[in-house]
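coordinates for the following, if possible.
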Amino acid sequence: TESIESGGVRVLAAANGTRKEIHPDGRTVVAFYNSDIKETLPDGKVTYHYATADTTHTTFPDGRQVFEFATGQVEWHYPDGRQEVAFPDGTRRAIAVDGEEQTVFPDGIVQTVAPGGDRTIDYGNGQREVHTAAFKRRIYPDGTTKTVYPDGRQETRYASGRLRVKDCDGFVLIDAPP
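As a prediction, this is how the structure comes out:
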């Protein structure tokens, strides 16, 4: 059925309960039988609210999309393939077109994961960890590095130039002064 309501709003109602309102300003609102709501603005912005999931998906004319979840998580998807995610705890993640992910945690720790899986973690105290398939390494602000290999071997290179290598059982194999 079709009717015209006050203010010139044209209303189309379907038998299944779906209702479409066409406003004089060009705005269109569709209320679906499942309680979802879709609003289209004259500038091309489309907002769709999924009632069951309490999630809102907004699409902008330039192709950007924003997803707002009931948990408080918000995601931004850009036409070039980039994505950003804000989590309720304050954590933020950016995903680049090449797949690199950078996550900034509320405590200031920054983790970067390369497309191949290599991971770098930067701590607020100046320390850095590098995780690869070949090793895990911690780099200290004074230049000391400690590397652990998959076979359990450990290598520590001190800022002074000293080198200490331990086997997988912790026995010192090399302890060379600078």
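
before we move on, which element is the closest residue in space to Pro79 that isn't next to it in sequence in?
Leaving aside its chain neighbours, Pro79 sits nearest to Gly63 (3.5 Å; criterion: CB to CB, 6 or more residues apart in numbering). Heads up, the C-betas are built off the backbone N, CA and C, glycines and all. Counting by DSSP states H and E, no helix or strand carries Gly63.

so Gly63 touches Tyr78, yeah?
Yes: with contact defined as CB atoms under 8 Å, Gly63 counts as touching Tyr78 (7.5 Å).

which of those two has more neighbours?
Tyr78 (14 against 10; other CB atoms under 10 Å).

contacts only, for that one.
Tyr78 sits next to Gly63, Arg64 when contact means CB atoms under 8 Å, 6 or more residues apart in numbering.

how about Cys168?
For Cys168, the contact set (CB under 8 Å, 6+ apart) comprises Asp151, Gly152, Arg153.

is it possible to export the residues you listed to TSV including secondary structure?
Shown next, in TSV, are the contacts of Cys168 (DSSP: H, G, I helix; E, B strand; the rest coil):
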residue	secondary structure
Asp151	coil
Gly152	coil
Arg153	coil
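
which one of those has the most neighbours?
Arg153 (15 neighbours).

what is the nearest of the contacts of Cys168 to Arg138?
Proximity of the contacts of Cys168 to Arg138 (CB to CB) peaks at Arg153, which lies at 15.0 Å.

relative to Ile174, how far out is the closest one?
To Ile174, Arg153 is 11 Å away according to CB to CB, to the nearest Å.

okay, and the closest residue to Pro178 other than its chain neighbours sits in which element?
Of all residues not flanking Pro178 in the chain, Gly161 sits nearest, at 3.0 Å (CB to CB, 6+ apart). Following DSSP H and E, there is no helix or strand that holds Gly161.

count of residues packed around Gly161?
When neighbours are defined as other CB under 10 Å, Gly161 has 10 of them.

what number of residues lie near the residue nearest to Arg128 when sequence neighbours are not counted?
Nearest residue to Arg128, sequence neighbours excluded (CB to CB, 6+ apart): Ile139, at 4.6 Å. When counting by other CB under 10 Å, one arrives at 18 neighbours for Ile139.

hey, what's in contact with both of Arg153 and Ile174?
What both Arg153 and Ile174 touch, as defined by CB under 8 Å, 6+ apart, is the set Val165.
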